[in-house]
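S.K.: using only what follows, build the 3D model:
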Amino acid sequence: QVQLVESGGGLVQAGGSLRLSCAASGGTFRFAMAWFRQAPGKEREFVAAISWRDESTSYVDSVKGRFTISIDYVKKTVYLQMSNLKPEDTAVYYCAARIGGIVASGRSYDSWGQGTQVTVAS
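M.R.: Numbering: from 1, shown residues only. The predicted model follows:
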């Protein structure tokens with residue numbers, strides 16, 4: 001398994017931006033990496049994913065045009081650039097990794113970070 005460490009969460013006003021980082025170490029880098037989020041009282045939700053092999057991406061409809069997922073291969077870090085944030089984006093954001101292609105089901109990912117809190121104030 002790969003080890004994942006997230007950073008970059010915080011408090012931001014609606015309309016603002018944040019960039020989350022997920023640093024990966026260990027394991028074999030044949031991954032799809034993804035961001036999920038979980039708001040209080042709600043189920044975990046797929047946000048975005050990227051293929052380590054070809055940088056293909058996938059997003060949940062609610063973040064398309066506002067969030068961008070990207071990879072820095074040198075730093076072995078995946079980023080989630082979040083813009084035009086809305087109060088409904090408030091959640092704990094988790095980074096996850098799996099060997100293979102992009103999927104949206106969290107059950108298919110076997111490595112998870114500890115999570116980072118994002119709070120968007122209205």
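S.K.: wait, what's in contact with the most centrally placed residue in the chain?
M.R.: With distances taken as Cα atoms, centre = their mean, the residue of the chain nearest its centroid is Trp35 (2.3 Å). Trp35 is in contact with Leu20, Cys22, Val47, Ala48, Ala49, Ile69, Val78, Leu80, Tyr93, Tyr94, Cys95, Ala96, counting by Cβ atoms under 8 Å, 6 or more residues apart in numbering. Where you see a C-beta, it was placed from the backbone N, CA and C, and this is true even at glycine.
S.K.: going by neighbour count, which of the residues you listed are buried?
M.R.: Burial by neighbour count, 16 or more other Cβ atoms under 10 Å: within the contacts of Trp35 this picks out Leu20, Cys22, Val47, Ala48, Ala49, Ile69, Val78, Leu80, Tyr93, Tyr94, Cys95, Ala96.
S.K.: Ala121 versus the fourth one, what's the distance?
M.R.: When Cβ to Cβ, to the nearest Å is the yardstick, Ala48 and Ala121 sit 23 Å from each other.
S.K.: tell me how far Gln1 lies from Arg98.
M.R.: Here Gln1 is placed at a distance of 10 Å from Arg98 (Cβ to Cβ).
S.K.: joint contacts of those two?
M.R.: Joint contacts of Gln1 and Arg98 (Cβ under 8 Å, 6+ apart) are Asp110, Ser111.
S.K.: look at these two and report which has more neighbours.
M.R.: The neighbour count for Gln1 versus Arg98, taken as other Cβ atoms under 10 Å, is higher for Arg98 (22 against 12).
S.K.: ok, the more buried one - contacts?
M.R.: Phe31, Ala32, Ala34, Ser108, Tyr109, Asp110, Ser111.
S.K.: for ChimeraX, write the select line for the buried members of the residues you listed.
M.R.: The following ChimeraX line selects those of the contacts of Arg98 that are buried, judged by 16+ other Cβ under 10 Å:
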select :31,32,34,109,111
